[in-house]
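J.: Pasted the sequence and its predicted model underneath.
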Amino acid sequence: MGKDLLQSAYTRSKIVLQKTSRGGKIRIGLLILALILPFLPFITDYILHIAILVLLYMILALGLNIVPGFNGLLDLGYVGFYGIGAYTSGLLTYHFGLSFWVIIPLAFINGAIWGILLGAPTLRLTGDYFAIVTFGFSELVVLFLTNEIWLTRGPLGLPGIDVVSIDLTLFGGPKWEFIGELPYYYLAIVMVLVTVFVMYRIQDSRLGRAWFAIRDDEVAAVSCGINLLVYKVIAFAISAAFGAVGGSFFARWVTFLSPDMFKFWESFLILCMIVLGGMGNIWGVMIGAVVLVSLSEVLREILPLLGMPVNVRFLAFGLIMVLMMRYRPAGMMPIAAVAAQMRAGRVKRKKVKPAVGMKK
Amino acid sequence: MTPILEIKKLFKSFGGLEALKDINFNIDRDEIIGLIGPNGAGKTTLFNCVAGIEKPTDGEIIFKNSDRSISIGGKKPETITALGIARTFQNIRLFDNLTVLDNVKIGRHCRTKSTFFGAVARNKFQRSEEKAITETAHQFLEFVGLKDRGEEIASSMPYGDQRRLEIARALATEPHLLMLDEPAAGMNPQESRDLMALIRRIRDKGITILLIEHDMKVVMGVCERVVVINHGEWLTEGEPQDVQKDPKVIEAYLGTGAADAA
């Protein structure tokens, strides 16, 4: 009986596998690789830590991608929402001991509210002016976190945030605390999968199309009846919400927060991931996160050996950006249309959306 | 005939430049009306005022539809589209990075509702709406003669097809009045003839058409009435054949003395 069941499951999965496209097979393969990664022989806790960092930045980059990638607006203040999310989660845990599973939806709503608060008045601004406002906002968040010592303990940081736990004592079950990197790794994978799922669904919907319309041509978009401000604010709010969710995870994972974790550099790094990977392309953005986080860690090891300070790695990021802009302005995995134009060998420089400072 | 659009004492100035001065005319329901005039006469400015892209300095634009008359001067463009006025652009404005089908689907935006939660949850309402959007988009593509080309990237299509796509996108908003800004620009004679046939078919669906055009063959061939403006002022209006012979019009296009020579 059991053998029959196994047999039928095997044949069924074989049929499913035959039906999936090549792209689908690659995806399934990558997912399986990600799931068994911690059990591979050469994986140490350190590497697992980096892997979680990669996953966290995937969530952040996918969230940010909505604004520059889907809407063509430059956002330099994304880390502000990340910081708000992290500190809100940290403080709620610290003072009220709220469960992570309660905090995640709260963080999403909280991020969205802040996104609306910042976006509604400022998204009327065009191009560079909007970028400057967002930049100012992220600096404001850092200043607030540093100076409002009564709330955030300022530069001393916020230590001793509880780890994530699954508490089933209410139903007479056990309580299981997340200790070590392994549970966080799987939690992060689940969060990335949810994020990717949401992004794919949005991409192929009325909302996503409205965003793409705004990105490609604002005047034509309004002529199709799209209210620019409303849709930009929705984009900004959802983007901020994912930032805040990423922040909540970060707070409960490292269990320590300090204001200088949310400096402008983080925004820049996340933006680099998007530009490097291919703006507006979900896969590209994720690959951008893998490349830049790994590179950052490798450089952290190598640079001291060469007698250079660790922060020289930002120079390397800058160099990569310059080279990308020169040779592949649409990123490693450009959105379909640009890729098609490139294949046809008639890519017009004008047509490829310049990565930064897009709309004048 | 009841007018669908009344333009009354319309003024528009950009700083010191008066682009439109005291424009008055009506557009009747179900007619194909041409708006002509030399370069810089203010035709596109007039379009932009009606479409809500520019705010008129003074005057009224009244849109009459199903017993309601609404003053649309100064209203937002998305509101005007939702009321039932669609347009195309002089220099084609497509969503270049999207497929042909998606371009038309975006035209359905103002007639549909789902947002974030629908997109993520894909509930019953969203799915049926999405299905309807796709079906209607295909219908409009077929109507303009772009059947089975939905998967192409908009910017990779030939020029004439891009014009057609822009018209399909405008039609997808279900307009009562369609404004076409130089649709025949850059078209060869065959494409122009196809375009004229398309314009007539659109009118037969009960859509009024306002047309800016420089190609006189198209204007003469398809318009039932022509309004001429020059230097931002109303010059004359009437049947195409009469307007073409009008000395004032010839003078506006060719300069003083040309009328005598002709």
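T.: Perfect, thanks for sending it.

J.: roughly how far out does stretch B:3-22 sit from the chain middle?
T.: Relative to its chain's centre, stretch B:3-22 lies at 18 Å (Cα atoms, centre = their mean, to the nearest Å).

J.: same thing with stretch B:168-187?
T.: Counting by Cα atoms, centre = their mean, stretch B:168-187 comes out at 5 Å from the chain centroid.

J.: Ok, stretch B:108-115 next?
T.: 21 Å.

J.: Now chain B against chain A: closest residue?
T.: residue B:110 (2.7 Å; Cβ to the nearest Cβ). No exception for glycine: its C-beta is placed from N, CA and C like everyone else's.

J.: What number of residues are in the vicinity of the residue nearest to that residue when sequence neighbours are not counted?
T.: Distance criterion Cβ to Cβ, 6 or more residues apart in numbering or on different chains; nearest residue to residue B:110, sequence neighbours excluded, is residue A:225 at 2.7 Å. Burial of residue A:225 is recorded as 24 neighbouring residues (other Cβ atoms under 10 Å in any protein chain shown).

J.: Contacts only, for residue A:225.
T.: Going by Cβ atoms under 8 Å, 6 or more residues apart in numbering or on different chains, residue A:225 touches B:78, B:81-82, B:109-111, B:173.

J.: swap in residue B:215?
T.: Contacts of residue B:215 by Cβ under 8 Å, 6+ apart are B:184-185, B:187, B:192.

J.: 7 Å - rerun?
T.: Residue B:215 makes contact with B:184, B:192, according to Cβ atoms under 7 Å, 6 or more residues apart in numbering or on different chains.

J.: So for it, what pLDDT did the model give?
T.: As predicted, residue B:215 sits at a pLDDT of 84.

J.: residue closest to the middle of chain B?
T.: Among the residues of chain B, the one closest to the centroid is residue B:179, at 1.5 Å (Cα atoms, centre = their mean).

J.: what about that one, is that helix, strand or coil?
T.: Here residue B:179 is strand, with the state taken from DSSP: H, G, I helix; E, B strand; the rest coil.

J.: Might one say that it is in contact with residue B:48?
T.: No - Residue B:179 is beyond contact range of residue B:48, at 9.9 Å (criterion: Cβ atoms under 7 Å).

J.: Report the residue ranges of every domain in chain B.
T.: With domains defined by automatic domain parsing, chain B comprises B:1-84+B:175-262, B:95-174.

J.: among those domains, which is the most enclosed?
T.: Of all the domains of chain B, domain B:95-174 has the most neighbours on average by mean count of other Cβ atoms under 10 Å in any protein chain shown, namely a mean of 19.

J.: Around chain A, pick out the residues from chain B.
T.: Within reach of chain A by Cβ under 7 Å from any Cβ of the partner chain, chain B has these residues: B:51, B:53, B:77-78, B:81-82, B:87, B:93-98, B:102, B:105-107, B:109-110, B:112, B:114-116, B:119-120, B:122, B:153, B:155-156, B:169, B:173.

J.: Show me those that map onto helices.
T.: Within those, residues falling in helices by DSSP state H are B:51, B:77-78, B:81-82, B:102, B:105-107, B:116, B:119-120, B:169.

J.: what are the ranges of the strands in chain A?
T.: Using DSSP state E, the strands of chain A run over residues A:165-167, A:175-177.

J.: of all those, which lies closest to residue A:150?
T.: strand A:165-167 (28.3 Å; Cβ to Cβ).

J.: rewinding a little: what two of the contacts of residue A:225 are the furthest from one another?
T.: B:78 and B:111 (12.3 Å).

J.: Report the set of residues contacting both of the two.
T.: Between them, residue B:78 and residue B:111 share no contacting residue, judged by Cβ under 7 Å, 6+ apart.

J.: if we can go back for a sec, nearest to residue A:305, of the contacts of residue A:225?
T.: For the contacts of residue A:225, the nearest to residue A:305 is residue B:109 (55.9 Å; Cβ to Cβ).

J.: Provide a list of residues in contact with the residue nearest to residue B:108 when sequence neighbours are not counted.
T.: In space, and not counting its chain neighbours, residue B:108 is closest to residue B:133: 4.8 Å by Cβ to Cβ, 6+ apart. By Cβ under 7 Å, 6+ apart, the residues touching residue B:133 are B:105, B:108, B:112.

J.: Need the per-residue pLDDT for residue B:133.
T.: Reading off the model, residue B:133 has pLDDT 92.

J.: Check the spacing between it and residue B:172 real quick.
T.: The gap separating residue B:133 from residue B:172 is 9 Å, by Cβ to Cβ, to the nearest Å.

J.: quick one: contacts for residue 142?
T.: Assuming you mean chain A. Residue A:142 neighbours (Cβ under 7 Å, 6+ apart): A:83, A:259, A:262-263.

J.: wrong chain, I was asking about chain B
T.: Contacts of residue B:142 (Cβ under 7 Å, 6+ apart): none.

J.: For chain A, spot the helix or strand the model is least confident about on average.
T.: One helix or strand of chain A scores below all others by mean pLDDT, DSSP states H and E: helix A:336-343, with a mean of 64.

J.: Any regions of the stretch 101-250 of chain B where pLDDT drops low?
T.: Within the stretch 101-250 of chain B, the set of residues satisfying pLDDT under 70 is empty.

J.: Quick one: neighbours of residue A:141, just the number.
T.: 21.

J.: Likewise for the one 10 residues further on?
T.: Residue A:151: 12 surrounding residues under other Cβ under 10 Å.

J.: Just to check, residue A:235 is in contact with residue A:212?
T.: No - with contact defined as Cβ under 7 Å, residue A:235 does not count as touching residue A:212 (10.9 Å).
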